[in-house]
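*Asks:* Got a predicted structure here, sequence first:
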Amino acid sequence: MAMCGIVGYVGEREALPIVLGSLQRIEYRGYDSCGILVQDSANGQVYMHKGLESIDELMEILPLCDYHGNIGIGHTRWATHGTPSVRNAHPHLDCNGEIAVVHNGIIENFQSLKEGLLRNCRFRSDTDTEVIPHLIENTLMRIRDSGESGEELLKDAIRESLSYLKGSYAIIVAIKGFDGLIAARRESPLIIGVGDRENFIASDVPAVLEQTNRVIYLEEGDIAVVKKDGIYIENGAVEVKRVVRLIPWTIEDAEKGGYEHFMLKEIHEEPKAIIDTLRGYLTETGIELGFDARHDIMMVACGTSYYAALCGKYIIEHIARIPVQVELASEFNYSDTVLGDDKTVIAMTQSGETADTLMALKKAKRFGCHTVAITNVVGSSVTRIADDTVYIRAGPEIGVAATKSFIAQLVTIYLLGLYLADIPRHDLEGWIEELKRLPQLAQMVIDDSNAVIQDIARYLAGFENVFFVGRGVNLPVALEGALKLKEISYIHAEGYAAGELKHGPFALLTNATPVVAILSNDNVYEKLLGNIKEIKARDAPVVAVAVEGDDEIEKYVDAVIRVPATRALLSPIPNSVALHLLAYWAAKARGCEIDKPRNLAKSVTVE
Ligand code: AGP
């Protein structure tokens, strides 16, 4: 679950408030310690502070410390090696205290590197990161007489030092007396915010949005020398040019926008996520996704994205009659799944940085598969592995629990199914008309069902175990509903095929195990109604998610969450909006953290 945040600033303004402000914008990534360093490139003065305080506390304390400098780096640490402590907080320094490094990722061979360095280095921490400044210092000393000087010497030393590292890193290096910062990335995301006579470096876009919306996404293996009036980027010791992208998100987008939690804001943005995603691919003549899939499709993903992929199997096989396999990325990476150049492997990943999913796509490439990424983050790592990328357009999703990104993933899958289908024009137009109604249906759930959902959520909040059941395309919706509830309310929730409960889980049913049953006007409605009757016969309370106008269901359940009618295959959209709200209000009723659930991170960038 390692996930740290790193930030940097080079310019003409005081670095401290900018670095702290950037760290504050990425607090959502979770952290247990943080630190900053500022240095004045005019007089070489360096100030550093690191500890277990929160960013807010640092914002109180540090301005009183008279730290001045126009260059700065900062770090929020999520412990992977070494307990949360002052000594393990970043930045980490070389022996002379002239090289400071902040790092996100995991150096897998740090023990062996440390052993090699111990001869003439004094280590101050238990972290993997600390080998980096010492490596740079040692390399600098060794190549100092190479005839290279200044920046070239620095680049050589950094390049060589990084070549010894195994594992993942996004780092920013500050060097006493050097009028810039050096940034580098491998498998951990890193961006540069481009300003006017100032530049910013950060793990994620919200950290720089207050300062600039011009962003460079560093690519795998990039090393950048960032100064106030210039950015040099190389890859494989060759200078490269990287696109400066205009990020359409304002800082408000990445802020809570008046909602108590990012998650609630993002659920309320689900209609807009549908609109924006549709807008990206609906053309005058139909649907254009920009790639051709080979016949067999395999989807690989984790967590909520895996449930979106599971919905994809039902959707694409129903609409396009193309076989779809779905595998958990963490299983796919070590399985003997048959792969070949006849397969299109689609990685479904909101963040585009999930290590398991990135590994899966690299494996698919090695087997000659056509690889496609469906992701929410422009320029994310997965886009640089995949042959083709389809962007969902959910906008920044800050809450750890995936909500609007899941909805946008589903929309993209409907588009994919229709794009691959060879159906009569009339049918295609009918589907597109229905897709265009989805934002309104999602809005109706938010507007019309919210009060009932809040009541039912407060009721469920009193239980410790909840089942979610569904059939057909609403089985993955049940699995997703259970994940949502468990990850933010900490209630043990389990998603199950409705027809499977009688094969064992019935043993758990009592009046203390409510069941949420997700119905739709589909071909398995009667079957699911039968399952509900069996469940009721065992005293378990039943909450139904059911279509407006279905009056039958009232007779058999304890409560009903109404959703607007649509084609059965599209019902995962309104049903999921309802379940996202249900999870949110249950977590709120239990006073949970919601945006930053315990033990979780927004994107899981380690295996
Ligand atoms: C979902 O609510 C969780 N935050 C988590 O399961 C997430 O879906 C999973 O880690 C995959 O993330 P990705 O879509 O960014 O790859």
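*Replies:* Happy to help now that I have it. Numbers count the residues shown, from 1 in each chain.
*Asks:* Now the helix or strand where T277 lies - C-alpha only, PDB.
*Replies:* With elements taken from DSSP states H and E, the one containing T277 is helix 270-281. C-alpha atoms of helix 270-281 as PDB (Å, rounded to 0.1, in the frame of the first residue of the first chain):
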ATOM      1  CA  GLU A 270     -21.400  11.000 -11.700                       C
ATOM      2  CA  PRO A 271     -23.900  12.500 -14.100                       C
ATOM      3  CA  LYS A 272     -21.200  14.900 -15.400                       C
ATOM      4  CA  ALA A 273     -18.700  12.000 -15.700                       C
ATOM      5  CA  ILE A 274     -21.200  10.200 -17.900                       C
ATOM      6  CA  ILE A 275     -21.700  13.300 -20.100                       C
ATOM      7  CA  ASP A 276     -18.000  14.000 -20.400                       C
ATOM      8  CA  THR A 277     -17.100  10.400 -21.200                       C
ATOM      9  CA  LEU A 278     -19.900  10.100 -23.800                       C
ATOM     10  CA  ARG A 279     -18.900  13.400 -25.300                       C
ATOM     11  CA  GLY A 280     -15.400  12.100 -25.900                       C
ATOM     12  CA  TYR A 281     -16.500   9.300 -28.200                       C
END
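*Asks:* name the helices or strands packed onto it?
*Replies:* Contacts defined by 3 or more CB pairs under 8 Å, 6 or more residues apart in numbering; DSSP states H and E place helix 270-281 against helix 404-420, helix 425-448, helix 572-589. (C-beta placed from N, C-alpha, C; glycine too.)
*Asks:* can you list contacts of it?
*Replies:* 287-289, 390-395, 403-405, 407-408, 411-412, 415, 419, 435-436, 438-440, 442-443, 446, 573, 577, 580 (CB atoms under 8 Å, 6 or more residues apart in numbering).
*Asks:* mind listing what's buried in that helix?
*Replies:* For helix 270-281, the neighbour count (16 or more other CB atoms under 10 Å) marks E270, P271, K272, A273, I274, I275, D276, T277, L278, G280, Y281 as buried.
*Asks:* what pLDDT does the second one get?
*Replies:* Looking back up the chat, that one is P271. P271 is assigned a predicted lDDT (pLDDT) of 94.
*Asks:* Same check on the one 5 residues further on?
*Replies:* In the prediction, the pLDDT value recorded for D276 is 82.
*Asks:* Ok, T83 next?
*Replies:* 61.
*Asks:* G72 is in contact with V38, isn't it?
*Replies:* Yes - with contact defined as CB atoms under 8 Å, G72 reaches V38; the gap is 4.1 Å.
*Asks:* Name all residues that sit in contact with these two at the same time.
*Replies:* With CB under 8 Å, 6+ apart as the test, G72 and V38 both reach A15, L16, V19.
*Asks:* Report the mean confidence score over stretch 51-71.
*Replies:* Mean predicted confidence for stretch 51-71 is 91.
*Asks:* What values do phi and psi take at V208?
*Replies:* Backbone torsions of V208, given as degrees, to the nearest 10, read phi -110, psi -10.
*Asks:* List the contacts of it.
*Replies:* Counted by CB under 8 Å, 6+ apart, V208 has contacts S22, R25, I191, G193, F200, A202, V215.
*Asks:* go on, T412?
*Replies:* If you count contacts by CB under 8 Å, 6+ apart, then T412 has T277, Y281, I374, V390, I392 around it.
*Asks:* Just give the nearest non-adjacent residue to P541, would you?
*Replies:* Counting by CB to CB, 6 or more residues apart in numbering, P514 is the residue found nearest to P541 once chain neighbours are left out, at 4.2 Å.
*Asks:* Out of the buried residues of helix 270-281, which are close to the ligand?
*Replies:* Counting by CB under 6 Å from any ligand atom, nothing from the buried residues of helix 270-281 sits close to the ligand.
*Asks:* Switch these over to CSV; also include distance to L339.
*Replies:* CSV is the format used below for the buried residues of helix 270-281 (distance: CB to CB, whole Å):
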residue, distance to L339
E270, 34
P271, 38
K272, 37
A273, 32
I274, 33
I275, 36
D276, 33
T277, 29
L278, 32
G280, 29
Y281, 27
